[in-house]
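> Need the 3D shape of this:
(one chain, ligands or ions: 2)
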Amino acid sequence: MNRDWIATAGTLSQALPYMQRYAGATVVIKLGGHAMGSDEAMHGFARDVVLMRQVGLNPVIVHGGGPMINEMLGKLDIKSEFVNGKRVTDQATMDVVEMVLSGQVNNRLVQAICAEGGKAVGLSGKDANLMICKQTHKDLGFVGTPSTVDPTILRDLHAAHAIPVIAPLGMGREGETFNINGDTAAGAIAGALKADRLLLLTDVEGVKDKSGEVLTEIDPKIIPDLIADGTIAGGMIPKTETALAAMNDGVRAVVILDGRAPNACLLELFTDHGAGSLIRRPRV
Ligand SMILES: Nc1ncnc2c1ncn2[C@@H]1O[C@H](COP(=O)(O)OP(=O)(O)O)[C@@H](O)[C@H]1O
Ligand SMILES: CC(=O)N[C@@H](CCC(=O)OP(=O)(O)O)C(=O)O
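Ligands and ions are numbered 1, 2, ... in the order given. The predicted structure is shown next:
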């Protein structure tokens, strides 16, 4: 039993009503490469996911791995560049991306969740036609945007009490392999599942305003203005755009939070104060 977070949360009695409220809920969690830096962080995350499953939630994990891909490309002396947060992906780069995401990062995360007592099953967007992609933009090469998402396999895995762990890769109609930005993949999967929550775990506490304060709740209507005036920039743009697209597809709420903080997901889901920046339609 994971007791650390109970100490942080205050009391178990505070958490219980939230656990009951979320019983049966689908929660898609995107774990970015920066948030899974150390083995300790990965195992801490794995423990939280196992506890979620034990109290009756249906977690779906989508991972990134940008820093790990960079490291391998560096070793192989392959240069890489990003345009608007997306990696320009030629065939040689695609081969490395697939090897690192499916062969290394996915396997390690599956292993960590299994070691903590969960039944994790690793797959990529290619498995069971989970994500069929179209090319995002010619200039980016093999970068894909999911055009058809079939979440049947994820429902089957939940019925078997398993925890799906997904590498952000997809298949093209011509049999190509596409590299999908991790946030985009998580948003597409959350939308297809009409998830109750999409948690985007990153390396900052949340979305910050101009003065650097974390915005604990954001009305989706103001996000385009925050992007236009430069308050939201860089890697936070795809995250907030993913949040808007996922909510459009029927996801109830999205939270952007610090994945490096201990018990981040549990504190978000099972405490009064939550964590990070909550994006949802204001109640009327
Ligand atoms: N308004 C903002 N609030 C918080 N972070 C922001 C904001 N605008 C830009 N950022 C940047 O976005 C980064 C998160 O995006 P990214 O590095 O792509 O994360 P990840 O690798 O976890 O997917 C933060 O580290 C921060 O530098
Ligand atoms: C198209 C594109 O940019 N794909 C990403 C996929 C991994 C990812 O998203 O990793 P993080 O979440 O750790 O940033 C990449 O090649 O780096």
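> Spit out the contact partners of the closest residue to ligand 2 within the stretch 1-150 of the chain.
Nearest residue of the stretch 1-150 of the chain to ligand 2, counting by Cβ to the nearest ligand atom: Gly64, 2.0 Å away. Glycine gets a C-beta too; all of them are placed from N, C-alpha and C. Residues in contact with Gly64 (Cβ atoms under 8 Å, 6 or more residues apart in numbering) are 30-33, 105, 168, 182-183.
> Tell me the first helix or strand C-terminal of the helix or strand hosting Met72.
Assigned by DSSP states H and E, Met72 belongs to helix 66-75. Where DSSP H and E defines the elements, the next helix or strand beyond helix 66-75 is strand 82-83.
> Is there contact, residue-wise, from that following strand to ligand 1?
No: judged by Cβ under 6 Å from any ligand atom, strand 82-83 stays clear of ligand 1, getting no closer than 9.4 Å.
> Paired strands for that strand, with orientation please.
strand 86-87 (antiparallel) (DSSP bridges).
> avg pLDDT for the strand it pairs with?
Strand 86-87 carries an average pLDDT of 92.
> for the residue of the stretch 151-284 of the chain found nearest ligand 2, what are its contacts?
Closest residue of the stretch 151-284 of the chain to ligand 2, Cβ to the nearest ligand atom: Gly182 (3.0 Å). Neighbouring residues of Gly182 by Cβ under 8 Å, 6+ apart: 30, 32-33, 62-66, 168.
> Residue numbers of the stretch 101-250 of the chain in contact with ligand 1?
Counting by Cβ under 6 Å from any ligand atom, the stretch 101-250 of the chain sits next to ligand 1 at 202-204, 207-208, 231-236.
> which intervals of the stretch 1-150 of the chain have sub-threshold pLDDT?
Counting by pLDDT under 70, the stretch 1-150 of the chain has low-confidence residues at 1-12.
> Verify the stated contact: Met247 with Arg281.
Yes: with contact defined as Cβ atoms under 8 Å, Met247 counts as touching Arg281 (7.2 Å).
> the more surrounded of the two?
Met247 (20 against 11; other Cβ atoms under 10 Å).
> and that one, which of the three is it?
helix (DSSP: H, G, I helix; E, B strand; the rest coil).
> What separation is there between it and ligand 1?
To ligand 1, Met247 is 19 Å away according to Cβ to the nearest ligand atom, to the nearest Å.
> Quick one: residues contacting that residue.
Taking Cβ under 8 Å, 6+ apart, we find Met247 in contact with 220, 253-254, 279-281.
> go on, Glu116?
Listed by Cβ under 8 Å, 6+ apart, the contact set of Glu116 reads 43, 46-47, 49-50.
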